[in-house]
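> Got a predicted model here, sequence first, then my questions.
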Amino acid sequence: MEQEFGSSTARNPSQLSWVNLSRNLVLAYQSFGVVYGDLSTSPLYVYTSTFIGKLQNHQNEVAIFGAFSLVFWTLTLIPLLKYVFILLSADDNGEGGTFALYSLLCRHGRFSLLPNQQAADEELSAYKYGPSTPAVASSSPKRFLEKHKTLRTVLLVVVLFGACMVIGDGVLTPAISVLSAVSGLQVTEERLTDSELLLLACVILIGLFALQHCGTHRVAFMFAPIVLIWLLSIFSIGMYNTIYWNPRIVRAISPYYIIRFFKETGKDGWISLGGILLSITGTEAMFADLGHFTALSIRLAFAFVIYPCLIVQYMGQAAFLSQNISSIPNSFYDSIPEKVFWPVFVIATLAAIVGSQAVITATFSIIKQCHALGCFPRVKIVHTSKHIYGQIYIPEINWILMILTLAITIGFQDTTPIGNAYGLACMTVMFITTCLMALVIVFVWQRSLLLAGAFLLFFGSIEGVYLSAALIKVPQGGWVPLVLSTIFMVIMYVWHYGTRKKYNFDLHNKVSLKWLLGLGPSLGIVRVPGIGLIYSELATGVPAIFSHFVTNLPAFHKVLVFVCVKSVPVPSVAAEERFLIGRICPRPYRMYRCIVRYGYKDIQRDDGDFENQLIQSIAEFIQMEAVEPQSSSSETSSFDGRMAVISTRTLNSSASMIAVSEMGDDLGAINSMAGSQNSSKSLSLQSLRSVYDEENPQVRRRQVRFQLPANPGLDPSVRAELLDLIQAKEAGVAYIMGHSYVKARRSSSFLKKLVIDIGYSFLRKNCRGPAVALNIPHISLIEVGMIYYV
């Protein structure tokens with residue numbers, strides 16, 4: 001986003017710099033409700049979680065001053081120094097998060113384990129983001145990582161483990177935030193019982209998850225004001241408490257008080273770091289949500305609003321506790337002046353809901369990105385906003401999160417063990433991000449190993465100390481994110497393993513082109529009018545399923561297109577670069593290949609225009625191929641491999657075909673345009689499709705007719721091929737997919753049979769079908785059963 005502003009500063013630098021600044025200020029304001037909801041609600045439970053437990057025998061002024069000093073330096077070194085000043089610069093085309101770092105590494109080295117990758121993918125404009133020099137290409141660390149597949153697998157596992165911990169955050173954040181917010185009712189005169197408090201928290205949580213299908217955009221205008229009012233409230237309360245109770249707390253900014261803290265508490269102080277680290281939970285959102293804002297806007301919001309408000313609040317709360325030791329169990333709500341208690345309680349509850357909302361939305365995005373890597377089963381993705389990019393809702397995941405959150409809330413009924421679990425999940429993600437960032441410094445930023453080592457040593461040691469303190473509390477609730485992560489990791493591994501085995505089977509059982517060439521242009525069967533779109537995961541070659549058609553069916557479509565929908569390691573693929581078109585076999589065979597590429601942030605929308613874009617792209621390729629010399633590529637002799645990027649942005653501005661919107665015109669016009677009449681079977685199919693479209697009004701498929709321009713100079717063979725394409729389109733389009741059954745070989749080990757025959761089969765039966773995930777109209781779908789013995 002920042003680059004877009006900078007690209008036009010040459011026209012009027014002063015005016016556009018002001019526009020840039022004002023735009024970033026607006027984005028900074030909006031980021032309060034999306035990015036900082038979780039981080040800003042941490043004061044609700046930090047001191048309580050720190051002093052409940054081993055520090056119960058050290059509840060004195062020295063320990064409280066030391067705890068504030070630890071909070072101050074933790075907020076300064078990790079969120080401010082590491083994230084704001086360093087990590088926000090490591091974006092991937094404006095995107096952030098662990099997947100962005102992994103994507104950067106995969107593009108600057110051969111670290112990716114994604115199948116069907118091609119050299120043409122490296123020509124994408126988003127692929128070239130960041131520096132690249134021959135020096136890095138020959139570096140020994142890079143060669144070492146590329147050479148050992150085990151290390152590349154470990155790298156992917158680490159990234160996925162971080163993703164699983166983020167999913168754990170999606171379970172734990174609503175539980176601890178809402179439970180901490182409603183706990184304020186226990187300090188009022190009319191105290192609620194624990195069971196009544198738990199019931200209220202569960203009602204709020206159920207309402208929170210039940211409203212997810214509406215999308216955050218419907219209430220987004222409320223989010224930023226809520227968090228901003230909350231921040232101003234805690235800043236004011238913190239300033240009041242500092243001045244009223246103990247102004248000497250300002251001295252605790254000095255690291256000297258950290259030394260005194262550990263001298264006073266010893267090993268118990270180290271264990272209590274599991275509570276201190278809760279002050280930075282939610283920090284990862286600054287980097288993960290970078291794609292919705294700009295680095296400058298997030299920096300402005302944190303440095304000038306979030307950071308000072310949190311520091312003053314923690315300072316004031318510590319000043320209050322130093323004079324009211326007995327208030328530690330309800331430190332935040334006891335520190336609120338009585339006159340403003342209820343307004344602050346309401347704002348705290350709303351802020352907790354906002355923070356939970358942001359983490360739940362981030363969990364949906366993580367699941368989507370895992371699926372793009374081939375590491376998560378297909379799930380239903382609902383777009384909740386037409387205007388805000390990336391806002392999605394996954395019903396299955398939403399209800400699973402709700403059940404797990406309610407189970408955690410009811411099971412623990414206390415924020416302390418939930419805080420132990422929450423702290424371990426957040427610190428694990430931060431530590432993984434630090435390790436990935438060290439690799440980015442070497443392979444992407446092309447800096448020395450010494451600098452990367454210094455970064456890893458400094459921040460890794462700080463986070464390592466906190467992580468060790470969090471691991472100590474595994475028996476006291478810290479086991480929750482480990483168990484959740486293990487379950488999701490098993491699901492991801494089983495799905496990834498089964499998918500890779502199925503792909504390798506297709507790769508090693510491709511149909512021989514020599515065999516196809518020997519059959520001749522008719523393929524030994526009758527070629528009837530129509531287009532057959534054969535879906536496969538192969539980016540090269542002809543899938544084995546095609547031989548089933550040729551050998552078992554008496555007729556097949558005159559025009560065949562092998563379609564491969566695949567993910568590439570970039571955030572998003574531009575519309576004009578999405579389609580790769582090529583030819584299989586010589587021109588008389590009328591066989592083509594279409595590769596549709598998506599980034600890990602892209603959403604496959606069903607706009608009802610795919611068929612028209614595909615036909616137009618093939619027509620463009622046919623004309624382009626006729627103009628270019630056939631000897632331009634050595635791959636031409638194989639008739640499979642010469643691909644061209646075809647833009648689909650302007651459907652109606654083609655030089656080879658003119659597309660005219662049908663929009664209710666008479667079908668006879670199409671027939672005369674194509675130069676032939678449809679058969680009764682084709683008319684029946686069209687009537688069935690019209691009924692299907694009426695029953696599915698949410699997908700309005702665009703009716704388009706094609707015609708050739710009056711171009712006397714057009715090569716006769718090219719004109720004949722284009723006419724065949726038009727006639728095939730008017731005759732109808734059929735989508736052909738393999739209904740696969742994956743089974744382990746009889747000679748396989750017991751573990752492999754367990755993974756494939758039980759685990760992978762269960763996931764395939766209970767996830768969305770590939771035809772539904774690819775938005776293929778059911779009325780035009782042909783499925784062919786095939787057993788894969790892997």
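Now that the structure is in, tell me what you want to look at. Here the structure is a predicted model, which means the values were calculated and not measured.
> buried residues in the longest helix seen in the chain?
For the chain, the longest helix by residue count, based on DSSP state H, is helix 149-182. For helix 149-182, burial by neighbour count (16 or more other C-beta atoms under 10 Å) applies to 152, 155-156, 158-182. To be clear about C-beta, it is placed using only N, CA and C from the backbone, and glycine gets the same treatment.
> Show me what that helix is packed against.
helix 98-108, helix 140-147, helix 194-210, helix 341-372, helix 395-412, helix 415-443, helix 479-508 (3 or more C-beta pairs under 8 Å, 6 or more residues apart in numbering; DSSP states H and E).
> quick one: contacts of the fifth one?
The reference is to helix 395-412. By C-beta atoms under 8 Å, 6 or more residues apart in numbering, the surrounding residues in contact with helix 395-412 are 170-172, 174-175, 178-179, 198, 201-202, 205-206, 209, 212-213, 360, 363-364, 367, 379-380, 382, 418, 421, 477, 480, 484.
> Buried only: go through the residues you listed for me.
Burial by neighbour count, 16+ other C-beta under 10 Å: within the contacts of helix 395-412 this picks out 170-172, 174-175, 178-179, 198, 201-202, 205, 209, 212, 360, 363-364, 367, 379, 418, 421, 477, 480, 484.
> Which residue ranges of the stretch 551-700 of the chain form strands?
Taking DSSP state E, counting those that start in this stretch, the strands of the stretch 551-700 of the chain run over residues 555-567, 579-584, 591-598, 643-646, 658-661.
> Save these as CSV, and put in mean neighbour count and mean pLDDT too.
Putting the strands of the stretch 551-700 of the chain into CSV (neighbours: other C-beta atoms under 10 Å; pLDDT from 0 to 100) gives the following:
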stretch, mean neighbour count, mean pLDDT
strand 555-567, 21, 89
strand 579-584, 23, 89
strand 591-598, 22, 90
strand 643-646, 19, 76
strand 658-661, 16, 53
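> Adding distance to residue 405, write those strands out as a markdown table.
Converted to a markdown table, those look like this (distance: least, C-beta to C-beta, whole Å):
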| stretch | distance to residue 405 |
| --- | --- |
| strand 555-567 | 30 |
| strand 579-584 | 42 |
| strand 591-598 | 31 |
| strand 643-646 | 45 |
| strand 658-661 | 48 |
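> so which of these gets nearest residue 224?
Closest to residue 224 of these, according to C-beta to C-beta: strand 591-598, at 31.0 Å.
> Adjacent strands (with direction) for the closest one?
Strand 591-598 pairs in its sheet with strand 555-567 (parallel), strand 579-584 (antiparallel), by DSSP bridges.
> Same list (those) but as JSON lines, adding distance to residue 68.
Output for those, formatted as JSON lines (distance: least, C-beta to C-beta, whole Å):
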{"stretch": "strand 555-567", "distance to residue 68": "47"}
{"stretch": "strand 579-584", "distance to residue 68": "58"}
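> separation between residue 541 and residue 511?
With distances taken as C-beta to C-beta, to the nearest Å, residue 541 is found 7 Å from residue 511.
> nope, residue 305 is what I was after
Noted for residue 305: a distance of 62 Å to residue 511, by C-beta to C-beta.
> more crowded one of these two?
residue 305 (21 against 17; other C-beta atoms under 10 Å).
> you'd agree that one is up against residue 32?
Yes. Assessed by C-beta atoms under 8 Å, residue 305 is found in contact with residue 32 at 7.5 Å.
> tell me how far the ends of stretch 534-550 are from each other?
Distance across stretch 534-550, first residue to last, is 13 Å (C-alpha to C-alpha, to the nearest Å).
> what comes up buried for that stretch?
Buried, per 16+ other C-beta under 10 Å, within stretch 534-550: 534-547, 549-550.
> Likewise for stretch 705-717?
Neighbour-count burial for stretch 705-717 [16+ other C-beta under 10 Å]: 705-708, 714.
> cool, and stretch 766-784?
When neighbours are counted by 16+ other C-beta under 10 Å, the buried residues of stretch 766-784 are found to be 767, 770-771, 773-774, 776-777, 780-781, 784.
> Quick one: mark the members of those residues that sit in helices.
Per DSSP H, the subset of the buried residues of stretch 766-784 in helices is 770-771, 773.
> what residues are up against residue 355?
Applying C-beta under 8 Å, 6+ apart, one finds that residue 355 lies in contact with 37-41, 173, 177, 282.
> Looking at the residues you listed, state which has the most neighbours.
Neighbour counts for the contacts of residue 355 (other C-beta under 10 Å) peak at residue 177, which has 35 neighbours.
> which non-adjacent residue is nearest that residue?
Once flanking residues are discounted, residue 177 sits nearest to residue 352: 3.8 Å by C-beta to C-beta, 6 or more residues apart in numbering.
> Check residue 739 too.
In space, and not counting its chain neighbours, residue 739 is closest to residue 783: 4.2 Å by C-beta to C-beta, 6+ apart.
> beta partners of the one you found?
With DSSP bridges as the criterion, residue 783 is bridged to residue 737.
> That one is in contact with residue 771, isn't it?
Yes. Here residue 783 reaches residue 771: they are 7.4 Å apart, a contact under C-beta under 8 Å.
> anything in contact with each of the two?
Listed as contacting both residue 783 and residue 771 by C-beta under 8 Å, 6+ apart are residue 737.
> Contact partners for residue 591?
Residue 591 is in contact with 559-562, 583-585, counting by C-beta under 8 Å, 6+ apart.
> typo on my end, residue 160
370, 373, 375, 489, 492.
> Adding pLDDT, write these out as CSV.
As requested, the contacts of residue 160 are exported to CSV (pLDDT from 0 to 100):
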residue, pLDDT
370, 86
373, 80
375, 87
489, 93
492, 92
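> Show me where the stretch 1-150 of the chain dips below the pLDDT cut-off.
1-16, 115-116, 118, 128-138 (pLDDT under 70).
> Which parts of it are strands?
Assigned by DSSP E, counting those that start in this stretch, the stretch 1-150 of the chain shows no strands.
> what's the answer for the stretch 251-400 of the chain, then?
382-383, 392-393.
> Compare those and say which comes out lowest on pLDDT.
If the strands of the stretch 251-400 of the chain are sorted by mean pLDDT, strand 382-383 sits at the bottom with a mean of 78.
> List the pairing partners of that strand within its sheet, with orientation.
strand 392-393 (antiparallel).
> Show me the contact partners of the partner strand.
For strand 392-393, the external contacting residues (C-beta under 8 Å, 6+ apart) are 212-213, 215, 364-365, 368, 381-384, 603.
> where does the stretch 501-650 of the chain have low pLDDT?
For the stretch 501-650 of the chain, the stretches flagged by pLDDT under 70 are 605-608, 628-642, 647-650.
> redo that, cut-off 50
For the stretch 501-650 of the chain, the stretches with pLDDT under 50 are 631-638, 650.
> where along it do the helices fall?
Remark: helices assigned in the stretch 501-650 of the chain by DSSP state H, counting those that start in this stretch are 513-519, 545-552, 610-627.
> Return the distance of the second one from the chain's centre.
The reference is to helix 545-552. The chain centroid and the centroid of helix 545-552 are separated by 38 Å under C-alpha atoms, centre = their mean, to the nearest Å.
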